[in-house]
Every structure is written in C-alpha cells, then in structure tokens.
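Enquirer: need coordinates for the following:
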Amino acid sequence: MTAHTAVPVRERSTWTPKLVPALLVCLAAPVLFVVQVVWLGWVLLALAVASAVLVDRLGGVALARSDEPSIARDVSLVAIGQFIVSLIPLHAELDNAAFVRFTLALGGAVVVPYVISRFVYRDRAIAFPWRGGGRWTWWQWAWLAGVIVLGYLILPFYFITSGVYTNWPEVTTPDLIARLFVGVGAVGIWDELFFICTVFVLLRRHFPDLTANLLQAIVFVSFLWELGYQAWGPLLTIPFAIVQGFLFLKTRSLWYVVTVHLLFDAVVFGVLVHAHNPGAASLFLI
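Expert: Modelled structure (predicted):
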C-alpha cells in the first residue's frame, strides 16, 4: 500500500493548471445548491474530473498508485461527494423519510470518498483526527466562549429579521423539538466531516492553505444556502467556513472544530424553536 502526501508547502502554488479542475469542482456547488440546475452542476463535476485527468497526464502524474499527489484522484473524491449530496433535496424536513434521505445521502458523501481513497486509490488522503492537536490551549477555550457570545448577538437577529427561520418547519411538540435538535446537530457534525476533512484536506494537498480554504468555503456556503441560510446569510456563512478551515489547520483537531460548530448550532436550535412565538422571539432581540 502506498500513500501519496501533499506537495511540499514551498512548492504549492495557486496559479497552476490544477486550479482549473479545482475551480470547476467547487463552482459546481453553487450551481447544484444555490441556483439548483442539477444537470448543469453534474456537467461541471464531469468537466472537473476530465480536466484533472488531463492535467495529471500533461504533468506526468500516474493516475494509478503513485507517491505524487494526483489532482484527478482528489478532485474525483470531491466530485463524488457533491454528486451524492445533490441526489436529494436539502430543504429542512423532520419526518422519518427525510431523516432516512439525509442519513443515506450525507453519510454516503463522506463514507464513499473515504472508502475509495483508502481501498481503491490506496492512500490515506482523508482522515478524521478526533484526538489531534493535544490539549486545548487558553485561546481555544476563549474562542468557545466567544462563539457563544457571537452566536447570541448575531444569529437570532439574522434569523428573525430576515425571516429565514421559515425555511425550517415549525416545531410545536416535544417530538418535533427533539427531531430538530438531532437534525441540526447531525448536519453540523457532517459539515466538518465533508467540507473540512474531505474537501479542504484534499485541496490543500495541491494549493496553499488560503487558496484551499477559499475553495472549500464555496462548497460549504453553497450547501448551507440550500439548507436554509439564505437572504444575507452568506455574509455570516462565508467567514464561518473560512474560520473553521483556519481553526482546523491551527488545532489539527476535528473534535475542536465540531465543538465550535455545535455551539453555534445550539443557538440556531434555540432560535428555530422560539422564532414562531413572537413573545419568545422578542427575547432574543433585546
């Protein structure tokens, strides 16, 4: 078994032919999840893989096992994940059928690229470092506290004044509240497994960290748009996606970025539960 590693940092550059397939595979996301022209998004995914194969061939990189990173293999994994997600509508629903759809599609978007990477391409490009990074430092704990404050100050105002809370179903019973809690948390964890540990990690094998982070943010924000974070939501989700990528690089800990995400989602959950009740909603705006 061989494992091809990332190009050394000093040799990674944004302005290489690899940027074409990387842009194509990431720009497929707004087509699939924002404007929702699915067939065109699939065309972009296919073009991304085809152009990546061409770049590898011109660069003399073997598509089979190789110690040198292959843009074709890595772009194909990102494309497969997006393709699987695009097979279902991402509108928030809480019935049993929706839970099954989301579990199969989102789970498949993480598991299938991982399995292909490990057992077909025979590398370890995708990993989930839950225990990475060691003990949390003072600034990590401080940021968690800051997340709670920022979430309280920003998210209720965004959801309520923009009206995007109506993109989620009204929850009026304990059963629906419990389903919403599980759904919001589960999708939040999946975001980090796919956008950070799959898309971001694969792209930074070829590009500088900032470039890879900006590229993954395109996919991250596009998914959140269809999920319901619309109106002026991208003004919040774009910096959030970029900060999550930065935190993952800094901490090397999946558990940490998941914790950050779940703290934001805890505020989201509270807003969604109470937003349909004007009395409760007004408390968030004080």
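Enquirer: buried stuff in the helix or strand encompassing Val43?
Expert: In this assignment (DSSP states H and E), Val43 forms part of helix 38-59. Residues Gly41, Trp42, Leu44, Leu45, Leu47, Ala48, Val49, Ser51, Ala52, Val53, Val55, Asp56 are the ones in helix 38-59 that count as buried (16 or more other C-beta atoms under 10 Å). Glycine gets a C-beta too; all of them are placed from N, C-alpha and C.
Enquirer: quick check: the gap between the second one and Phe83.
Expert: Trp42 sits 7 Å away from Phe83 when distances are taken as C-beta to C-beta, to the nearest Å.
Enquirer: hmm, back to that, for the buried residues of helix 38-59, which two are the farthest from each other?
Expert: The distance between the two most remote of the buried residues of helix 38-59 (C-beta to C-beta) is 23.0 Å, for Gly41 and Asp56.
Enquirer: what is the burial count for Val268?
Expert: Val268: 24 surrounding residues under other C-beta atoms under 10 Å.
Enquirer: any idea of the mean pLDDT for whichever strand or helix holds it?
Expert: Element membership of Val268, judged by DSSP H and E, is helix 254-274. Confidence for helix 254-274, expressed as mean pLDDT, is 95.
Enquirer: can you check stretch 17-32 too?
Expert: Taken as a whole, stretch 17-32 carries a mean pLDDT of 98.
Enquirer: and the helices in the chain?
Expert: Assigned by DSSP state H, the chain shows helices spanning 19-33, 38-59, 71-85, 96-115, 138-162, 174-191, 201-203, 209-227, 234-251, 254-274, 278-284.
Enquirer: redo the buried residues of helix 38-59 as TSV? Include distance to Phe207 and pLDDT.
Expert: Putting the buried residues of helix 38-59 into TSV (distance: C-beta to C-beta, whole Å; pLDDT from 0 to 100) gives the following:
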residue	distance to Phe207	pLDDT
Gly41	22	98
Trp42	24	98
Leu44	19	98
Leu45	19	98
Leu47	19	98
Ala48	14	98
Val49	17	98
Ser51	15	98
Ala52	13	97
Val53	18	96
Val55	13	96
Asp56	15	94
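Enquirer: with respect to Ser70, which of the residues you listed is nearest?
Expert: Looking across those and measuring by C-beta to C-beta, the closest to Ser70 is Asp56, at 5.5 Å.
Enquirer: how far away is that closest one from Thr137?
Expert: Using C-beta to C-beta, Asp56 is found at 40 Å from Thr137.
Enquirer: then Leu106?
Expert: Leu106 sits at a distance of 31 Å from Thr137 (criterion: C-beta to C-beta).
Enquirer: those two: which is more packed in?
Expert: Higher neighbour count among Leu106 and Thr137: Leu106, with 23 against 12, using other C-beta under 10 Å.
Enquirer: list the contacts for the more buried one?
Expert: Listed by C-beta atoms under 8 Å, 6 or more residues apart in numbering, the contact set of Leu106 reads Val85, Val187, Trp190, Phe194.
Enquirer: highest neighbour count among those residues?
Expert: Counting neighbours by other C-beta under 10 Å, the top entry in the contacts of Leu106 is Phe194, with 25 neighbours.
Enquirer: pretty sure that one is touching Gly108, no?
Expert: No - applying C-beta atoms under 8 Å as the test, Phe194 and Gly108 come out as separate, 10.5 Å apart.
Enquirer: so the residue most central in space within the chain versus Gly188, what's the distance?
Expert: Centroid-nearest residue in the chain: Phe195, 2.8 Å away (criterion: C-alpha atoms, centre = their mean). Distance check for Phe195 against Gly188: by C-beta to C-beta, it reads 11 Å.
Enquirer: with Ala178 instead?
Expert: 16 Å.
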